[in-house]
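Asks: Prediction below, plus the sequence it came from.
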Amino acid sequence: MAPDLLALFASARQAKGSVSESSSAGVDGDRQPVVGEERRAGGSDACPVAGFERSGELFARLIGWAASEQALGLEHSELEVRLVEDGRQLARQVLQDQLDLRACVEPRVGGMIGADGTPRRSVERGHERDLHTVLGEVQVTRLAYRAAGSENLYPADARLNLPPSRDSHGIRRLAALEAPRGSFEDAQAAIVRQTGQQIGTRQLRALTLAGAQDVDAFYAQRERTAPDGEDLLVLSCDAKGVVMRPAALREQTRTQAQSSAPKLKTRLSKGEKRYRKRMAEIVTVYELAPEPRTAADILPAPDTPAPAAKTRPKAKNKWLTASVSDDASAVIAEMFNEADRSPASSFLGDEFVWIGRVPLRKE
């Protein structure tokens, strides 16, 4: 951090109020700001803390405890538990102090105009919002650009790339990774193990749905690698049964479930089905460098030494989608559409090799 910013931060004084642009009250004499010009807000040196002293106190306390007789008598597992917890608190405080530093030195931008075309001439300090991060809860303080009857603008939110809701991108990433692996309860437990942060079931469900909405946008904006004339264009589809509520079953499955009469109360007899699942269709398209192998490579003779491990080719430009609502024919048709959109398809023309894998089903 630059010494002048640290000096400003260390000598900051607490102040409240707002600064407004007007034709009668100028800044830096009578000069009015031009559009796009940046200047520091009057009283921007007002800050409720001094430097990273609170972080330093926590760090000194942690080091002091680590050198104490109590810590020297602990087993390594007990040290791990204590250091993980105290280290998380220290990291959260460093993040909070850094956000407070940003609030103290945030420059004021002249000529702020919103998307609605309304100038925001009034600038007010001290606007806070909560941010739930993987380190814990922090508060973000920033300047608010205001106009009567219009929504406030917060340029600092854009510089920090803050999400619309209180959950940070780190929390959102964990929700997107953990929720598809099992139940929401399992995802909650995994997030607690990794971060120590509690997330409610409804909150986790909302984060998962929000993450799923970005899938199409991700594929639309991603950059594909250049196709290689030696690569294979691979198409694969599969299906997975998902347990559903009776109202969400397909009509044929729901009818079979209502008309079925199990022979036994505690378990199913041979050939019986519960008729409570709906098939989710999963398809993927990707490019892969060919790796010719022989039968001996896959099933070597017992007396043949094991071959040395080698790096397998990785899939490139992978595209994947799944649906539990669309029929298999619609999802597979989308798979072939994606294959036609692939650069490898247009690059290789009619000579490239299509490799397809389709499970055997009645459909």
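Replies: That came through, no problem. Numbering: from 1, shown residues only.

Asks: quick one: low-confidence ranges for this protein?
Replies: Applying pLDDT under 70 to the chain flags residues 1-50, 257, 261-266, 268-269, 271-275, 345-363.

Asks: Between the two ends of stretch 141-158, what distance do you get?
Replies: With CA to CA, to the nearest Å as the measure, stretch 141-158 spans 13 Å from end to end.

Asks: Number the chain from 855, please
Replies: Will do, 855 is the new start, and the previous item becomes stretch 995-1012.

Asks: what does that stretch rub up against?
Replies: 895, 953-954, 956-957, 960, 962-963, 966, 968, 970, 972-983, 994 (CB atoms under 8 Å, 6 or more residues apart in numbering). To be clear about C-beta, it is placed using only N, CA and C from the backbone, and glycine gets the same treatment.

Asks: try stretch 1022-1033
Replies: Stretch 1022-1033 is contacted from outside by 985-988, 1015, 1017, 1021, 1040-1041, 1044-1045, 1048-1049, 1051, 1053, 1058-1059, 1061-1062, 1064-1066, using CB under 8 Å, 6+ apart.

Asks: make it 7 Å
Replies: Stretch 1022-1033 has contacts (CB atoms under 7 Å, 6 or more residues apart in numbering) with 985-988, 1017, 1041, 1044-1045, 1048, 1051, 1058, 1061-1062, 1065.

Asks: Give me the neighbour count for residue 992.
Replies: Close neighbours of residue 992, defined as other CB atoms under 10 Å, add up to 19.

Asks: now swap in residue 953 and tell me
Replies: 17.

Asks: Secondary structure class of the closest residue in space to it that isn't next to it in sequence, three-state.
Replies: Nearest non-adjacent residue to residue 953, counting by CB to CB, 6 or more residues apart in numbering: residue 994, 5.4 Å away. Assigned with DSSP: H, G, I helix; E, B strand; the rest coil, residue 994 falls in the strand class.

Asks: residues contacting residue 994?
Replies: 953, 982-983, 985, 1014, 1016.

Asks: one more time with 10 Å
Replies: Contacts here follow CB atoms under 10 Å, 6 or more residues apart in numbering; on that basis residue 994 touches 950, 953-954, 956-957, 981-985, 1008, 1010-1011, 1014, 1016, 1020.

Asks: Could you list the domains of this structure?
Replies: Here the domain parsing of the chain from automatic domain parsing is 855-866+898-959, 960-1016, 1024-1067, 1079-1112+1129-1143+1167-1217.

Asks: How far does the last one sit from its chain's centre?
Replies: Taking the mean C-alpha point of domain 1079-1112+1129-1143+1167-1217 and that of its whole chain, the gap between them comes to 25 Å (CA atoms, centre = their mean, to the nearest Å).

Asks: can you pull out the helices in the chain?
Replies: Using DSSP state H, the helices of the chain run over 857-864, 907-920, 923-926, 930-959, 1009-1014, 1023-1032, 1038-1049, 1055-1066, 1069-1075, 1105-1113, 1149-1152, 1182-1195, 1197-1202.

Asks: Those helices: which one's closest to residue 1133?
Replies: Set against residue 1133 and scored by CB to CB, the helices of the chain come closest in helix 1182-1195, at 7.3 Å.

Asks: Show me what that closest one is packed up against.
Replies: If you count contacts as 3 or more CB pairs under 10 Å, 6 or more residues apart in numbering; DSSP states H and E, helix 1182-1195 packs onto strand 1086-1097, strand 1131-1142, strand 1170-1177, helix 1197-1202, strand 1208-1211.

Asks: give me that answer again for 8 Å
Replies: strand 1086-1097, strand 1131-1142, strand 1170-1177 (3 or more CB pairs under 8 Å, 6 or more residues apart in numbering; DSSP states H and E).

Asks: tally of neighbours for residue 1053?
Replies: Residue 1053, neighbours per other CB under 10 Å, totals 21.

Asks: Could you do residue 1036 as well?
Replies: Residue 1036: 11 neighbours (other CB under 10 Å).

Asks: Okay, it and residue 1044: tell me how far apart.
Replies: From residue 1036 over to residue 1044 the distance is 9 Å, taken as CB to CB, to the nearest Å.

Asks: about what we covered before: now the domains of the chain in JSON lines, with distance to residue 1149?
Replies: Shown next, in JSON lines, are these (distance: least, CB to CB, whole Å):
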{"stretch": "domain 855-866+898-959", "distance to residue 1149": "49"}
{"stretch": "domain 960-1016", "distance to residue 1149": "49"}
{"stretch": "domain 1024-1067", "distance to residue 1149": "36"}
{"stretch": "domain 1079-1112+1129-1143+1167-1217", "distance to residue 1149": "19"}
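
Asks: Looking at the ones you listed, spot the one closest to residue 1150.
Replies: Closest of the domains of the chain to residue 1150 is domain 1079-1112+1129-1143+1167-1217, at 20.0 Å (criterion: CB to CB).

Asks: Just the buried residues from the contacts of residue 994, in ChimeraX please.
Replies: Here is the ChimeraX command that selects the buried residues among those (16 or more other CB atoms under 10 Å):
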select :950,953,954,956,957,981,985,1008,1010,1016
